[in-house]
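Chemist: The following comprises the amino acid sequence and a computationally predicted model.
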Amino acid sequence: QYLALHSSYFFNIFYGPNATGLAERIELDCDPHTFGDLLDIVYPSYKKIYCCGECSSSTENRLNLGIDLKMKFAIKRLLKGNFASEEAVAITEKFPDEATVTVQGPAVTVSPSALSLHSPLLHDMFYKDGQLVKNVQLDMDREPFQAFIRAVTGNFP
């Protein structure tokens, strides 16, 4: 479930329309050391936030795998301090799993797959006929929505 919060790729594997549940064994076609280094970034007990000497894979390999697995949180961590801001913006714009939620004026960018795990109502708002809705309007105060986002993700996006 934690992987699904950080990756639309894993969300679709575990909870998507063709998911067979959590009991099935999933095999990834990737280097296990690179995947392990990427997990160290995602899980709360990760070794280092940025590139470290203990990693068995390069920053580039972790970044490429993170992009393939749509692990936006890990990618943002890898980009910070390792790439020029122009490169970082170009990389993060590749993500299809991003939507804008307008909450009584201000617009907020969120990950629908992460929020959908926590609320069937949000899932129905973000996905119509299996397709992501890019702009959602909520008629609610911004503060309660921010509190909800913090509770779900641990910080405000």
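Modeler: Thanks, I have the structure now. Residues are numbered from 1 along each chain as shown.
Chemist: How many residues are close by the nearest residue to His6 once chain neighbours are set aside?
Modeler: Ranked by CB to CB, 6 or more residues apart in numbering and with sequence neighbours excluded, the top spatial neighbour of His6 is Phe73, at 4.8 Å. (C-beta placed from N, C-alpha, C; glycine too.) As a burial measure, Phe73 scores 19 neighbours (other CB atoms under 10 Å).
Chemist: got it, and the one 5 residues further on?
Modeler: Neighbourhood size, Leu78 [other CB under 10 Å]: 25.
Chemist: Output the contacting helices and strands for whatever helix or strand it lives in.
Modeler: Using DSSP states H and E, Leu78 sits within helix 72-79. Where contact means 3 or more CB pairs under 8 Å, 6 or more residues apart in numbering; DSSP states H and E, helix 72-79 is packed against helix 2-6, helix 32-42, helix 59-68, helix 85-92.
Chemist: who does the first one touch, helix- and strand-wise?
Modeler: Just to be clear, that refers to helix 2-6. Counting by 3+ CB pairs under 8 Å, 6+ apart, helix 2-6 packs on helix 8-15, helix 32-42, helix 72-79, helix 112-116.
Chemist: so which of those helices is the most packed in?
Modeler: Ranked by mean neighbour count under mean count of other CB atoms under 10 Å, these are led by helix 112-116, which reaches a mean of 23.
Chemist: Can you name the element that comes right after that helix?
Modeler: With elements assigned by DSSP H and E, the helix or strand that comes after helix 112-116 is helix 120-126.
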